[in-house]
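1. fold the following for me, if possible:
(one chain, ligands or ions: 1)
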Amino acid sequence: MSDVTILGADREPSPGAGLSFGIDVGGTGVKGAIVDLRTGEFVGDRHRIDTPQPATPEAVGRTVSQIVEHFGWTGPVGLTMPGVVKNGILRTAANIDDAWLGTDVRALYSERLGGRPVTVLNDADAAGLAELRFGGGAHIDEGLVILLTLGTGIGSAMLYNGTLIPNTEFGHIEVRGTIAEKRASAKVRKDNDWSFEKWAAKLSEVLTKYERLFSPDLFIAGGGISRKSDKWIPHLTNEVPVVPARLRNTAGIVGAAMAVAEEL
Ligand code: BGC
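-> Reported below is the predicted structural model:
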């Protein structure tokens, strides 16, 4: 493993060295990495395992411990979930197995990981924390910024003067009778084989709705599709500027690692 080599073969990577560990639990993949909190970069490679099907809490718990074992990491672990997380309990499960609803995810993962401390937070919130710290640019810590992760669903992180307001779930706001993420997630574009232009029109409706409700100063677009932002941002017709996230597929892992190390 390259990460162990970097740190010296005789010792395991540890939190004391400014390092932390994050895992992003998604509907298709569970991904983890050691994160250097001084730079927001991974130490060595990310490790990904397909989300087990059915994605029950027990099965995913086993996958999470495999990822941690892969790195030989013994310290606290931060994890993201694609739903509302309040006091360690998962309150919504739009894009994962219903068996998760009401699960004490913090207790489950901690038990799977030998009783060590874990922090669990919403995936888009984790991305928001990471972008705030390591994304830089575009006045991200001034006024009201809405970061959206455009993927299977639409995740949201609301950042007000540099502070995260968690669990906003803007992807579930109705826009002309349909929730936003069923109207304009990246998955909806793919499933319907829409051009970027057509999809941008749908996304513009969603962003305009958010503008009416929250009067943000800036939108940040994250998720894999933000890599191709030059293909669709120019077609948006909403008023507030939209910029692509700087951190792309690392944001969830980095935010999770920050959250557990800094008790965010
Ligand atoms: C969930 C959010 C999540 C988003 C992205 C939505 O369906 O409700 O909690 O952040 O998907 O995974």
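2. could you list the residues in contact with the helix or strand hosting residue 32?
-> Element membership of residue 32 [criterion: DSSP states H and E] is strand 29-36. Defining contact as C-beta atoms under 8 Å, 6 or more residues apart in numbering, one finds that strand 29-36 is touched by 3, 13, 18-24, 41-51, 60, 63-64, 67-68, 70-71, 73, 250, 252-254, 257-258. C-beta: built from backbone N, CA, C; applies to glycine.
3. what about it, near the ligand?
-> No. Taking C-beta under 6 Å from any ligand atom as the criterion, strand 29-36 and the ligand are apart, separated by no less than 12.2 Å.
4. hmm, back to that, out of the contacts of strand 29-36, which sit inside strands?
-> By the criterion of DSSP state E, membership of the contacts of strand 29-36 in strands covers 19-24, 41-50.
5. which one among those gets closest to the ligand?
-> residue 24 (9.7 Å; C-beta to the nearest ligand atom).
6. how near is the closest residue to the closest one other than its chain neighbours to the ligand?
-> Closest residue in space to residue 24, ignoring its immediate chain neighbours: residue 252 at 3.7 Å, by C-beta to C-beta, 6 or more residues apart in numbering. Per C-beta to the nearest ligand atom, to the nearest Å, residue 252 is found 9 Å from the ligand.
7. same question for residue 156.
-> The gap separating residue 156 from the ligand is 7 Å, by C-beta to the nearest ligand atom.
8. now do residue 96
-> 9 Å.
9. next up, the contacts around that residue.
-> Counting by C-beta under 8 Å, 6+ apart, residue 96 touches 27, 55, 81-83.
10. what are the phi and psi angles of it?
-> Phi and psi for residue 96, reported as degrees, to the nearest 10, are phi -140, psi 170.
11. what does the stretch 1-150 of the chain put close to the ligand?
-> By the rule C-beta under 6 Å from any ligand atom, the part of the stretch 1-150 of the chain lying against the ligand is 82-84, 92, 94-95, 122-124, 149.
12. recalculate using a threshold of 8 Å.
-> By C-beta under 8 Å from any ligand atom, the residues of the stretch 1-150 of the chain that approach the ligand are 26-27, 81-84, 92-95, 122-125, 149.
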